[in-house]
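In: just the structure for this:
(one chain, ligands or ions: 3)
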Amino acid sequence: MANTVDKYFDLVDQNQQKFIETLREVVEIPSVSSDASKRGEVVRMGEWLQARWEQLGAQCKRIDPGKQILEGEELDLPPVILGQYGNDANKKTVLVYGHYDVQPALLEDGWATDPFTLVEMDDGRLVGRGSTDDKGPILGWLLCAETHKQAGLDFPVNLKFCFEGMEESGSEGLDAIIVDQADKWFKGTDVVCISDNYWLGKNKPCLTHGLRGVSYFHLQVEGPGADLHSGVFGGTVHEPMVDLVHLLSKLVDTNGRIQIPGIYDQVMPVTDEEELTYENLEFSHTALATDLKHDVIIHAEERDTLKHRWRYPTLSIHGVEGAFYSPGDKTVIPAKVKGKFSLRTVPNMEPKRVAELVTAFLEKEFAKLGSKNRMRVIETHGGRWWYSSPNHPNFVAGARATELVYGVKPDLTREGGSIPVTLTFEENLNVNVLLLPMGAADDGAHSINEKIDRRNYIQGIKLLGAYLHEVAVTDMTA
Ligand SMILES: NCCCC(=O)N[C@@H](Cc1c[nH]cn1)C(=O)O
Ligand SMILES: [Zn+2]
Ligand SMILES: [Zn+2]
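Out: Ligands and ions are numbered 1, 2, ... in the order given. Predicted structure coming up:
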């Protein structure tokens, strides 16, 4: 194995520029899943991936998950591309998941360069939308397989893949496909690996074994039948926006403490053993404050920041639909407004219980206002938290691969964000799932000037290959 892996590493080094050109090609496809006008581009990106894997000899199956209504338009959902590369009964089978859609990006949002043109900066940043989330990592699997084939190196495992084009828009249609294909396309899977998250800092690699869940709510307050003139009606009618602002202000305090009674009752206490896992992680408030561009950190200790990111529930307020938000002054009283907020959930919170507590609290607070408006709490989407033991052999393979590539033992991390498909795979395929990130903490996924460092991209392609070689020689039943 050592010989093959060394050859693979050399080839990755030799092909660096070619790999960057491939990333450039896919960044140029603006596969923004939330934009109806870009749906054709999302589909083009899926077809690009399928064609490239088929050229290599993979067997692919395109599943069209159905339709969605977006911006009043009925649209085909982009395809889920399932694939199988290699089918040797003597090899293990690894299923990899990734997404080929991206977040929206406009130059006028504050990007320094055109978001859909990959630009390599002097400091090694490869800047472009999707470079780290998640086009770089999904190319990593493809380039790894292509490199093995071109050099005549034995590919160490059977690879199955599942690439979707709706991750940034709630993965519509994907869960049903995974459930349906669990005993079909995904049959025989030994382990799953997902590369769609980031290191905790900028220098030290990590393996991730936990994610928070999310419960998303709309709080609707409705009053008169139409918007009103505030000079005529202000002070004479109950204003929906006034009620909404009162209610939103009750949810969470300025230090992030959720004010909904009972919400912390289901949270698993932090054990002494768990406390130790916060030691020696590559994480500092100094680096975080630099990334934030202004020090707005609530907690004094790094471990408390991490616990509030990974281990405790949080509540964030995202926006208000129906409210006036443009520049300038408008004197309207909006007739109907919807506040958007979400809770990130942790072990052992139950989404159903969370929704009950949120609704009961808001109904009680609304009743206190004595308003004649009507209020509704709607849970719009959710995903459950995920926690896995980092001692599983799949994680051992990931740790060995990391040491081979980076020469250090990876940190074991959890994440504050949510990747609901992780749990869907784990529960329906009954196999271990490893999150193996390629990018760094400062990559700016979803933000302006998203990048992946050349180092992370190239070493990441090595890492994914080394991981497959390690899986091949690791007893996964242990
Ligand atoms: N670093 C991996 C996190 C991936 C991510 O950003 N997931 C989204 C998922 C989501 C939930 N509701 C809408 N999108 C997240 O916000 O955590
Ligand atoms: Zn992603
Ligand atoms: Zn994303």
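
In: which residues sit in contact with the residue nearest to the spatial centre of the chain?
Out: Residue closest to the mean C-alpha point of the chain, counted by CA atoms, centre = their mean, is I419 at 5.2 Å. Contact analysis of I419 by CB atoms under 8 Å, 6 or more residues apart in numbering lists I194, D196, N197, L211, G383, W386, L435. Just so you know, the C-beta spots here come from the backbone N, C-alpha and C atoms, and that holds for glycine as well.

In: need the three-state assignment for it.
Out: At I419 the chain is in coil, as set by DSSP: H, G, I helix; E, B strand; the rest coil.

In: that one and D134, how far apart?
Out: 10 Å (CB to CB, to the nearest Å).

In: overlap in contacts, those two.
Out: Joint contacts of I419 and D134 (CB under 8 Å, 6+ apart) are D196.

In: picking up where we left off before, let me know the closest of the contacts of I419 to ligand 1.
Out: Lowest distance from ligand 1 to those (CB to the nearest ligand atom) belongs to N197, with 3.7 Å.

In: so where do the helices sit in the stretch 301-450 of the chain?
Out: Listed in chain order, the helices found in the stretch 301-450 of the chain under DSSP state H, counting those that start in this stretch are 302-310, 351-369, 393-406, 421-429.

In: ok, whatever residue of the stretch 251-400 of the chain ends up closest to ligand 2 - how many residues close by?
Out: For the stretch 251-400 of the chain, the residue closest to ligand 2 is G383, as judged by CB to the ion, at 13.4 Å. Neighbours of G383 under the rule other CB atoms under 10 Å: 24.

In: partner residues bridging it?
Out: V214 (DSSP bridges).

In: ok, it touching V214?
Out: Yes. Counting by CB atoms under 8 Å, V214 is a contact partner of G383 at 5.2 Å.

In: now do the shared contacts for these two.
Out: S418, P420.

In: packing partners of the helix or strand harbouring G40?
Out: Assigned by DSSP states H and E, G40 belongs to helix 39-56. Judged by 3 or more CB pairs under 8 Å, 6 or more residues apart in numbering; DSSP states H and E, helix 39-56 is in contact with strand 59-63, strand 73-76, strand 80-85, helix 136-150, strand 158-164.

In: restrict the third one to CA atoms and write it as CSV.
Out: Listed in CSV are the C-alpha atoms of strand 80-85, where the atom choice follows Å, rounded to 0.1, in the frame of the first residue of the first chain:
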residue,chain,number,x,y,z
VAL,A,80,-29.3,13.2,-7.8
ILE,A,81,-26.4,11.5,-9.4
LEU,A,82,-25.7,8.0,-8.0
GLY,A,83,-22.6,6.2,-9.1
GLN,A,84,-20.6,3.0,-8.7
TYR,A,85,-16.9,2.9,-9.5
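
In: of the helices and strands packed on helix 39-56, give the one that comes closest to A323.
Out: strand 73-76 (24.6 Å; CB to CB).

In: return the list of strands paired to the closest one, each annotated with direction.
Out: strand 67-70 (antiparallel).

In: now the strand it pairs with: buried residues?
Out: Q68, L70 (16 or more other CB atoms under 10 Å).

In: stretch 187-198 too?
Out: Neighbour counts over stretch 187-198 (16+ other CB under 10 Å) mark T189, D190, V191, V192, C193, I194, S195, D196, N197, Y198 as buried.

In: what do you get for stretch 208-224?
Out: Per 16+ other CB under 10 Å, stretch 208-224 contains these buried residues: 208-217, 219-224.

In: identify the residues contacting the residue nearest to H469 when sequence neighbours are not counted.
Out: With CB to CB, 6 or more residues apart in numbering as the criterion, H469 has its nearest non-adjacent residue at 4.7 Å, and that residue is P156. Contacts for P156 were tallied using CB under 8 Å, 6+ apart; they are M1, T4, K91, L468, H469, V471, A472.

In: P156 belongs to a strand?
Out: No. According to three-state DSSP, P156 belongs to no strand; its state is coil.

In: from I317, how far off is D291?
Out: 22 Å.

In: state which one residue of this protein is found closest to ligand 1.
Out: G417 (3.1 Å).

In: what number of residues lie near that residue?
Out: So G417, with other CB under 10 Å, has 14 neighbours.

In: so what's it scoring on pLDDT?
Out: pLDDT, G417: 94.

In: what's the closest of the contacts of I419 to ligand 2?
Out: Nearest to ligand 2 among those: D196, at 4.2 Å, using CB to the ion.

In: which one is the closest one nearest to, not counting chain neighbours?
Out: Of all residues not flanking D196 in the chain, D134 sits nearest, at 4.8 Å (CB to CB, 6+ apart).

In: count of residues packed around the one you found?
Out: D134 has 27 nearby residues by other CB under 10 Å.

In: the buried residues of stretch 208-224: which two are farthest apart?
Out: H209 and P224 (51.2 Å).

In: pretty sure C144 contacts L463?
Out: No. Using CB under 8 Å, C144 makes no contact with L463, being 9.4 Å away.

In: sorry, back to before: quickly, which of the helices and strands packed on helix 39-56 bottoms out on average pLDDT?
Out: Among the helices and strands packed on helix 39-56, strand 73-76 scores lowest, with a mean of 94.

In: for that strand, output the C-alpha coordinates as PDB.
Out: Presented in PDB, the C-alpha positions along strand 73-76 are these (Å, rounded to 0.1, in the frame of the first residue of the first chain):
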ATOM      1  CA  GLU A  73     -42.600  28.900 -11.100                       C
ATOM      2  CA  GLU A  74     -42.800  25.100 -11.300                       C
ATOM      3  CA  LEU A  75     -39.300  23.800 -11.700                       C
ATOM      4  CA  ASP A  76     -37.700  20.300 -12.100                       C
END
